[in-house]
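Q: model the following, please.
(one chain, ligands or ions: 3)
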Amino acid sequence: MILELDCGNSFIKWRVIHAADATIVGGGIVDSDQALLAAVSALPSVRLKGCRIVSVRSEEETDALRGLLQAGFAVQAQVALPVQEMAGVRNGYDDYQRLGMDRWLAALGAYHLAKGACLVIDLGTAAKADFVAADGEHLGGYICPGMPLMRSQLRTHTRRIRYDDASAERAVSTLAPGRSTVEAVERGCVLMLQGFARTQIEQARALWGESFTVFLTGGDAPLVREAAPQARVVPDLVFVGLAMACPLD
Ligand SMILES: Nc1ncnc2c1ncn2[C@@H]1O[C@H](COP(=O)(O)OP(=O)(O)O)[C@@H](O)[C@H]1O
Ligand SMILES: CC(C)(COP(=O)(O)O)[C@@H](O)C(=O)NCCC(=O)O
Ligand SMILES: [K+]
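A: Ligands and ions are numbered 1, 2, ... in the order given. Here you go, the predicted model:
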């Protein structure tokens, strides 16, 4: 079994797969290293023979997690590292090492699945868009605050925007003009995300006409589903790229 980890700025997404056929044994989303160890340990009869990690956290944090995995499960975790080119995709950044590894792996995974021009929209702590042309050239992308950052900026920098998480979740059952603070903020931020997605799709259309595939991923992907009806929702897109970047035999 192989443990796969996608360490974002807010959450760690994890899954355990069978090495032979990549079938999924278990998986989830946790908010700390400790919670990860507990969740993986709770799987019945788990025998890890390898681990691969993508992380946008600091090297210190990633090393600390690798140490915990070594101690807890006796596995040497392989961490995906930046490269200029892989699987037919060429990194489009001036300095390829600066491109977020989650973005790079999602782009690799998307190009592999689309076998042609593609746009990746990844809605996590930050909202990201990346463009890969039909010949595999990564054209670059965009980074904006995602839902958690938009929300927390409003809460932090205003005096009278205060509400709890439970009411936030209830507020987005529709996107009609809000009649309370929580509705106004949560629905407003969802509309910002949807506008981001629509603008990226317009941009892809200007570049490639109708010949491209849109991928939607990240924890907040469901919030823009209706704004991007043509998108393929692939929650584990980063894991597709991670398996390509860190093959374990
Ligand atoms: N089970 C879940 N636990 C936590 N957040 C979730 C869950 N499902 C969806 N989300 C949403 O996912 C967002 C985080 O997305 P994610 O892609 O994990 O971010 P990051 O990679 O930056 O840590 C949160 O804003 C939250 O709204
Ligand atoms: C843009 C990001 C902060 C997104 O992080 P996430 O929302 O996945 O937690 C991450 O991809 C990152 O740290 N990138 C480095 C900067 C760049 O890609 O230009
Ligand atoms: K991420």
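
Q: past the strand or helix carrying Ile201, which element shows up next along the chain?
A: Using DSSP states H and E, the secondary-structure element containing Ile201 is helix 181-208. Using DSSP H and E, the next helix or strand after helix 181-208 towards the C-terminus is strand 213-217.

Q: centre of the chain versus that next one, how much separation?
A: Averaging C-alpha positions (C-alpha atoms, centre = their mean, to the nearest Å) puts strand 213-217 11 Å from its chain's average.

Q: please apply the same query to stretch 184-199.
A: That offset, for stretch 184-199, works out to 18 Å (C-alpha atoms, centre = their mean).

Q: next one: phi and psi at Thr62?
A: phi -70, psi -40 (degrees, to the nearest 10).

Q: surely it touches Ile12?
A: No. Using C-beta atoms under 8 Å, Thr62 is not in contact with Ile12; the gap is 10.9 Å. C-beta: built from backbone N, CA, C; applies to glycine.

Q: which one's more surrounded, these two?
A: Remark: of Thr62 and Ile12, Ile12 carries more neighbours, 21 against 18, as counted by other C-beta atoms under 10 Å.

Q: separation between the more buried one and ligand 1?
A: Going from Ile12 to ligand 1 by C-beta to the nearest ligand atom, to the nearest Å gives 8 Å.

Q: which residues touch that residue?
A: By C-beta atoms under 8 Å, 6 or more residues apart in numbering, the residues touching Ile12 are Leu5, Asp6, Ile29, Val30, Asp31, Ser32, Asp33, Ala35, Leu36.

Q: what about 6 Å?
A: Counting by C-beta atoms under 6 Å, 6 or more residues apart in numbering, Ile12 touches Leu5, Val30, Leu36.

Q: the last one sits in which helix or strand?
A: The one in question is Leu36. Counting by DSSP H and E, Leu36 is found in helix 33-41.

Q: centre of the chain versus stretch 106-115, how much separation?
A: 14 Å.

Q: what mean pLDDT does it get?
A: Stretch 106-115 comes out with an average pLDDT of 98.

Q: which residues does it contact?
A: Around stretch 106-115, the neighbours that count as contacts under C-beta under 6 Å, 6+ apart are 87, 89, 118, 120, 122, 130, 132, 138, 213, 215, 237-238, 240-241, 244.

Q: check which helix or strand Ala110 maps to.
A: helix 101-114.
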